[in-house]
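# below are the sequence and a predicted model; questions follow.
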Amino acid sequence: MKVTAYKTEFGPERIYASEHQKERNDLTGGDPLGGFIAWSLDAPGQRKKMKHVCRGGTPHFVYVSKADADTQGGESLDHLLFKEAVSEIGHTRLILNGGDAFPIVITAASLEERVRHPSGNNYRVDVYLKFESEHFYGEKWSGEIYFEVCHKHPVPTSKILDLKDLELPVIECKLNKRFFYRYDESSTTRAREKLHKDMIKKTLESEAGFIPAKILSDPSSPAYLKRELDRHIAELGRARQLLEKQHAGLQGQHNQLQVLQSDFNRLELEKEKHIREIQSLEQKNSGLGTELVAKERSLSILKKKVKRWTIIAIVTIILLAATIAILLKHRADDAPTIPLPTATEPQQIPVAPSTPSIAQKHAPSQKHHH
């Protein structure tokens with residue numbers, strides 16, 4: 001049982017069975033209004049004709065064609081009420097592709113925006129928004145968003161490709177469970193729907209409110225592209241200045257490197273010279289070492305000889321001293337004993353016969369001439 005329907009085949013305005021019943025009661029005493037037609041809750045262009053009835057005391061809408069009654073489909077109230085609420089908010093925040101939230105101010109909105117593709121494909125987008133924002137997407141998308149609500153089915157790929165081809169900024173929001181409508185099509189009322197939409201709007205417009213969405217199409221406006229081009233040109237200019245500065249620095253470093261290379265070559269030559277000098281000294285030291293070893297060997301031999309001759313000399317001296325001592329002893333034994341003089345007699349010292357000295361024996365005899 002459906003208690004709400006669209007008034008027209010393409011418009012967003014809806015009518016409620018209870019309200020239309022009241023209108024019938026007021027105008028015709030409850031009889032049907034001639035020529036009245038309602039339309040099913042389908043997308044514009046796909047809506048089916050419905051008529052108003054009051055069976056069992058409950059006013060509602062039924063399909064005019066029995067064939068349509070057997071079809072499944074139509075827009076759910078969850079999806080419908082959420083997109084209507086989004087079209088009525090004045091501001092909120094967007095979080096695109098999981099990035100940072102940024103605020104937007106909505107200046108205009110429309111439901112079921114029609115889009116034509118050159119191929120002949122025609123589409124309806126859930127909500128079209130005009131917005132203002134200091135975020136770069138405000139300029140990048142020229143302050144426009146084509147807003148799709150995903151409840152049970154995502155946007156078809158063919159539709160996404162055509163919208164991209166048209167360079168339209170399109171985002172898709174997955175409907176959160178907290179925004180599900182608690183009433184079905186048989187028990188909804190305008191008042192209940194208003195309360196539900198007011199809750200959605202209050203949540204989205206709160207300080208912490210936001211709409212998470214993913215980007216389906218991300219074009220760039222001419223103004224944005226021009227600003228980006230100017231920015232890149234400015235960056236290239238700064239990069240060129242930096243490159244020239246670095247080039248000058250590199251040139252200076254190159255000159256320093258050449259000086260260092262020259263110094264290095266000079267030091268290499270000096271190193272080779274010092275190596276040759278060290279090798280020459282090592283050769284000389286090697287010869288001196290050999291000579292020193294020979295000298296040390298000779299000195300060792302000489303020391304041994306000196307030690308041996310020293311021992312011989314000491315032994316000889318000892319033997320000579322002993323011999324002299326023996327001779328002196330024998331001589332003392334052979335000398336006559338001389339009596340000691342008394343006190344009354346003068347001491348006479350015997351005079352030994354003089355023995356001519358060797359000098360006297362060999363001296364020539366002297367004759368006196370008178």
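Good, I have the coordinates.
# what is the mean pLDDT for stretch 117-127?
For stretch 117-127, mean pLDDT is 95.
# what lies in contact with that stretch?
For stretch 117-127, the external contacting residues (C-beta atoms under 8 Å, 6 or more residues apart in numbering) are 43-45, 79, 83, 86-87, 109-116, 146-149, 158-159, 162-163, 165-166, 170. Glycine gets a C-beta too; all of them are placed from N, C-alpha and C.
# one more time with 6 Å, if that's ok
Contacting residues not belonging to stretch 117-127 are listed as 43-44, 83, 86-87, 112-116, 146-149, 159, 162 [C-beta atoms under 6 Å, 6 or more residues apart in numbering].
# and what of stretch 160-180?
78, 82, 117, 121, 141, 144-146, 148-151, 155, 200, 211, 213-217, 219.
# quick revisit: among the contacts of stretch 117-127, which lie within strands?
112-116, 146-149 (DSSP state E).
# of the residues you listed, buried ones?
112-113, 115, 146-149 (16 or more other C-beta atoms under 10 Å).
# among these, give me the pair with the biggest separation.
115 and 149 (15.8 Å; C-beta to C-beta).
# low-scoring stretches of the chain, by residue?
The model of the chain has pLDDT under 70 over residues 72-73, 335-370.
# rerun at 50
344, 349, 351-352, 355, 357-363, 365-370 (pLDDT under 50).
# outline the domain layout of it.
For the chain, automatic domain parsing gives the domain ranges 4-69, 77-220, 222-294.
# okay if I get those domains as CSV plus distance to residue 312?
What follows is the domains of the chain, written out as CSV (distance: least, C-beta to C-beta, whole Å):
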stretch, distance to residue 312
domain 4-69, 141
domain 77-220, 113
domain 222-294, 27
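# tell me where the stretch 1-150 of the chain has strands.
Here the stretch 1-150 of the chain has its strands, by DSSP state E, counting those that start in this stretch, at 4-6, 14-16, 38-39, 49-55, 58-63, 91-96, 102-116, 122-132, 144-150.
# returning to that earlier point: pick out the most distant pair among the ones in strands among the contacts of stretch 117-127.
116 and 149 (21.2 Å).
# now do residue 306: how many residues are near it, please.
The number of residues packed near residue 306 is 10, by other C-beta atoms under 10 Å.
# meant to ask about residue 257
Applying other C-beta under 10 Å, we find 12 residues neighbouring residue 257.
# likewise for residue 162?
That count, for residue 162 with other C-beta under 10 Å as the rule, works out to 20.
# please identify the helix or strand for residue 235.
helix 222-334 (DSSP states H and E).
# from residue 252, how far off is residue 29?
Per C-beta to C-beta, to the nearest Å, residue 29 is found 103 Å from residue 252.
# residue 1 contacts residue 185, correct?
No. Contact criterion C-beta atoms under 6 Å: residue 1 and residue 185 do not qualify, at 7.1 Å.
# among the domains of the chain, which is nearest residue 311?
Comparing the domains of the chain by C-beta to C-beta, domain 222-294 comes nearest, at 26.2 Å.
# of all the buried ones among the ones in strands among the contacts of stretch 117-127, which comes closest to residue 268?
Closest to residue 268, out of all of these and judged by C-beta to C-beta, is residue 146, at 74.1 Å.
# list the contacts for the closest one?
Residue 146 makes contacts with 125, 128, 168, 170, as judged by C-beta under 6 Å, 6+ apart.
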